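please find the sequence and the predicted model below.
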Amino acid sequence: MGKSVSTTEFNEMLKTLAGEYRIFAPKRFVHHGKCTGTDLIRYGEVHSLDEIEYKAKSNFSLKEILHPINQTIFYFTETEFSEPATENKGIVIFARPCDINGVFRLDNIFLHNGDEEDYYYKKPRDKVRFVMMECTVGFENCFCVSMDTNKSDDYHMAVRFGGEEYLLDIRDQFFIDVLEGVGEDIEFTPDFIKRNRVEVRLPEIDRMPPAMYDHEMWDEYSTRCIACGRCTTTCITCSCFTTTDIANEDNPKQGERRRTWASCHIEGFTDMAGGHGFRKKNGEKMRFKTLHKIYDYNRRFGKGPMCVGCGRCDDACPVYISFSNCINKVTSYV
Amino acid sequence: MNNPYLPKPYHILEIFHESETEFTFKLERDYEINFGQFLQVSLPRIGEAPISVSDFGEGWLEMTIRAVGNLTKDIFKLTAGDKMFVRGPYGNGFDMSEYIGKHLVIAAGGTGLAPVRSMINHIYRDEGVVEKLDLLFGFKNPSSIIFNRDIEKWKEKFDTMLTLDEACGLDGVCEGLITNYVKDVRLSEFEKMAVIVIGPPVMMKYTAGEFVERGVPEEKIWVSFERNMSCALGKCGHCKIDETYVCLEGPVFNYSKAVKLID
């Protein structure tokens, strides 16, 4: 059902939600950007509309809400393990269609890859309600239309920002109940972006030609890429992690096991005891990531590419490597 | 909700010194296991690592660990009666039905012998399970030979060839890389044989290559991969090669698939 609500009414709704839900949305952190005079936009907990940055693209995705950068998975003593207390509140996330599509990719890795569901991802994931932020213009480096992720039906409520009133498409009984008697009933369905400035062509092949793995196109990345991992930390679909034990300084027999984001782009990702590792050249790391995002994932799950075309990797790369350009190169060579 | 990341404590029953740097830990066991599977071994404060099961029997299993990483160095401070925290077993392991009644050749390099030791011991105890078993082992030097007590025993029943990369002068031991001796392995009609090649990546590549060179079809060769892993559950991404996860579909692969996997 459609509704038009005022700022006050929307804020009232957020206040009502705050009792049972933690509400996450892109927020602007002034002067926290990577260069002087720039801001950082990333996800954080919000309590009112003025905290939500809906005009700009967030530098980081929403994945840290479900898959934190650093998370204690259990505490240990010499003989026992105990899990950290978990948050009982539900989770409402304001997200653009690309990121909602990205979460379904994360679901495939964390919930559907192998026989076991990921215990630490599933707990918050089961509590999520998406408020889709209508996105019709896009931003620099976005190529969601090419990846078919510019649209989503998987939202509980959609919102159009920018006018005097907030237009809502409500699909979930929970939100219908929360907004009962509020605002004006109208006809509203969200629009989606139809064309990005950046366009990408995916390779249409059954099997990646073996020659592509050591193609000379990767040499350029061996020279340019500095293996900093920014592309993978900003990526909504990058899910890899490493577990590490931390001992208490006062009592080293007690401590905790943490899992922390890891990246195939960072040195040491494949290193084993004894030091042997794979993909030493940065071009090989780029090849591995690229083929995972546009080919391997689809081979495994049959659900299209993993990359959702949010373009954050290109926004973040300190040496201006363009992932969309890289995909187009692969397509032109296969 | 089941939390598959939580390890469980098991008593260490016995510890054997295999070489200067390799110890075998015998642990109590209360779960099913297959040849060639591995466990995630925890040492709280240090971390977790995948370790192959090197033998098992009623109510026990063994893991042979080399002191090379941070975790494995600390494991050496444990003694019998202590508890070791593990979870698993993980991975597919060897599908014994592929080898029953066949002429089986196992070529193992260094600690690569650990994941196949349980199968060799199984065949040793129940000889009729394969038509015949030939063994080809390669180690770096005399002090790196592991499972000496088993190898001596296996020699009595199986055609066993042992080679060291470095010259040693030991009686009955060849000299040079394992790949040099693939030509001396007896072959049977390919339909009736199976080859397992297991060891460091380069050793597996060239040794399997030598068997293929001798005409053994890729489908008749199996290898087992070692990879960095944090979860062993298909989530952490460390062991992924192409669309394959070594922890889920491996570590044992038919060579016809393995040869196409590009790290």
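Cool, the structure landed. Residues are numbered from 1 along each chain as shown, chains lettered A, B, ... in the order given.

neighbours of the residue nearest to B:Pro7 when sequence neighbours are not counted, how many?
Leaving aside its sequence neighbours, B:Pro7 sits nearest to B:Phe85 (Cβ to Cβ, 6 or more residues apart in numbering or on different chains; 4.0 Å). (Each C-beta comes from the backbone N, C-alpha and C, glycine too.) Using other Cβ atoms under 10 Å in any protein chain shown, B:Phe85 has 19 neighbouring residues.

now do A:Tyr213
Around A:Tyr213 there are 15 other residues, counting by other Cβ under 10 Å.

return stretch B:213-227 as CSV; C-alpha atoms alone will do.
Output of stretch B:213-227 as CSV, limited to C-alpha atoms (Å, rounded to 0.1, in the frame of the first residue of the first chain):
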residue,chain,number,x,y,z
GLU,B,213,52.9,-39.3,-19.1
ARG,B,214,53.0,-43.1,-18.5
GLY,B,215,49.4,-43.3,-19.9
VAL,B,216,47.5,-43.5,-16.6
PRO,B,217,44.1,-41.7,-17.3
GLU,B,218,43.5,-38.5,-15.3
GLU,B,219,40.3,-40.1,-14.0
LYS,B,220,42.4,-42.9,-12.3
ILE,B,221,44.5,-40.4,-10.3
TRP,B,222,43.4,-38.7,-7.0
VAL,B,223,45.2,-35.9,-5.1
SER,B,224,44.5,-34.1,-1.8
PHE,B,225,45.0,-30.4,-1.4
GLU,B,226,46.2,-28.4,1.6
ARG,B,227,44.9,-24.8,1.9
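
what are the contacting residues of the longest helix along chain A?
For chain A, the longest helix by residue count, based on DSSP state H, is helix A:97-112. The set of residues external to helix A:97-112 that reach it, using Cβ atoms under 8 Å, 6 or more residues apart in numbering or on different chains, is A:61-63, A:66-67, A:95, A:117-118, A:121-122, A:125, A:128, A:130, A:132, A:135, A:142, A:144, A:147, A:149-152, A:154-155, A:192, A:236-237, A:239, A:297, A:301, A:303, A:306, A:308-310, B:234-235, B:237.

one more: stretch B:13-24?
With Cβ under 8 Å, 6+ apart as the contact definition, stretch B:13-24 has outside contacts at B:25-28, B:54, B:60, B:62-68, B:75-76, B:78-80, B:111, B:143-148.

among the residues you listed, which are within reach of chain A?
For chain A, the contacts drawn from these by Cβ under 8 Å from any Cβ of the partner chain are B:Arg66, B:Val68.

do a quick rundown of the helices in chain B.
B:70-75, B:113-125, B:148-157, B:201-213, B:246-249, B:255-258.

which one of those helices lies nearest to B:Glu48?
The closest of these to B:Glu48 is helix B:70-75. By Cβ to Cβ, the value is 7.2 Å.

how about the strands of the stretch 151-263 of chain B, start to end?
Assigned by DSSP state E, counting those that start in this stretch, the stretch 151-263 of chain B shows strands spanning B:159-164, B:174-175, B:193-198, B:221-224, B:240-241, B:244-245, B:252-254.

check the stretch 1-150 of chain A too.
All strands of the stretch 1-150 of chain A, identified by DSSP E, counting those that start in this stretch, fall at A:2-5, A:21-29, A:40-45, A:70-76, A:81-82, A:90-95, A:128-133.

about what we covered before: identify each buried residue in the longest helix of chain A, please.
In terms of neighbour count (16 or more other Cβ atoms under 10 Å in any protein chain shown), helix A:97-112 has its buried residues at A:97-103, A:105-111.

closest to B:Thr207 out of these?
For the buried residues of helix A:97-112, the minimum distance to B:Thr207 (Cβ to Cβ) is 33.9 Å, reached by A:Ile109.
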